[in-house]
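K.L.:
turn this into a structure:
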Amino acid sequence: MNKVKEKLGRGETVVMVNPNYPSPGIVEFIGKLGFDVAFIDAEHGPIGMERIEDMVRAAKVAGISTVLRPAENNRPLIVRYLDRGVDGLMVPHVDTAQDAERIVETVRYARFQNPEDTLVIAMIESPEAINNLDGILAVDGIDMVFIGPSDLSQTMGYPGQPKHPEVAAAMDGIIAKALAAGKPVGAAVDWDNTRPLIEKGVRYVYIHANRFLESGGAAFQTLVTP
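P.N.:
Below is the predicted model of the structure:
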């Protein structure tokens with residue numbers, strides 16, 4: 001890119017929004033609102049290859065980037081996603097350095113002319129990944145690690161409790177270790193924890209468009225309800 005890589009390199013905060021629906025129109029609107037990245041989720045939901053292409057085109061029209069999450073660290077599938085033109089990958093369940101190396105090898109195979117233009121994000125979602133974090137961070141070609149508090153809480157034995165003290169402590173440890181290794185950190189956020197996480201050093205924040213709809217809808221209801 002990569003505009004996102006450049007922005008992270010300057011120490012600025014990048015905002016990625018999940019449209020929540022496989023809609024090119026919403027992707028374009030996200031760009032018009034001034035956000036940096038439209039998230040394309042191929043791990044959950046019904047999205048197909050043609051719709052991914054449409055969403056990538058819409059993002060380019062809007063002047064923003066796209067980052068796709070595949071269902072798994074599967075080389076043939078990830079190559080197909082990269083061929084659709086996405087600007088980055090956010091790969092789930094990266095538990096070992098070998099997992100991270102496999103992602104990088106896939107990107108270098110699919111984009112042999114300019115692999116450095118693809119943002120490569122490893123999702124840290126389990127105690128195993130935390131135990132192997134030093135090795136994951138050391139993999140050349142992994143640009144960033146990302147924390148999903150809900151998934152992490154699930155694997156740590158606290159399902160539905162992303163704000164559990166032990167989960168919060170684990171997140172703090174991931175952030176500190178990644179920053180010490182010179183790697184940016186991303187995290188899923190909500191209204192109440194966005195600023196605290198940014199203050200801890202998180203520079204890539206992820207939020208769902210539905211949260212904006214919920215907040216705006218609730219605020220509007222107060223205007224029309226006696």
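K.L.:
isn't Thr118 right up against Leu82?
P.N.:
Yes. Counting by C-beta atoms under 8 Å, Thr118 does reach Leu82; the two are 7.1 Å apart. Every C-beta, even on glycine, is put in place using the N, C-alpha and C of the backbone.
K.L.:
per-residue confidence averaged over the strand or helix carrying Lys7?
P.N.:
Element membership for Lys7, per DSSP states H and E: helix 3-9. Across helix 3-9, pLDDT averages out at 94.
K.L.:
can you check stretch 35-46 too?
P.N.:
On average, stretch 35-46 scores 95.
K.L.:
and it, which residues are buried?
P.N.:
Neighbour counts using 16 or more other C-beta atoms under 10 Å place Phe35, Asp36, Val37, Ala38, Phe39, Ile40, Asp41, Ala42 of stretch 35-46 among the buried residues.
K.L.:
which residues touch the fourth one?
P.N.:
Taking C-beta atoms under 8 Å, 6 or more residues apart in numbering, we find Ala38 in contact with 16-17, 19, 27, 30-31, 55, 58-59, 62, 64-67.
K.L.:
picking up where we left off before, what's the first helix or strand after the helix holding Lys7?
P.N.:
With secondary structure assigned by DSSP H and E, helix 3-9 is succeeded by strand 14-18.
K.L.:
how about the helix or strand following that next one: buried residues?
P.N.:
Counting by DSSP H and E, the element after strand 14-18 in chain order, helix or strand, is helix 24-32. Across helix 24-32, burial judged by 16+ other C-beta under 10 Å covers Pro24, Ile26, Val27, Glu28, Phe29, Ile30, Gly31.
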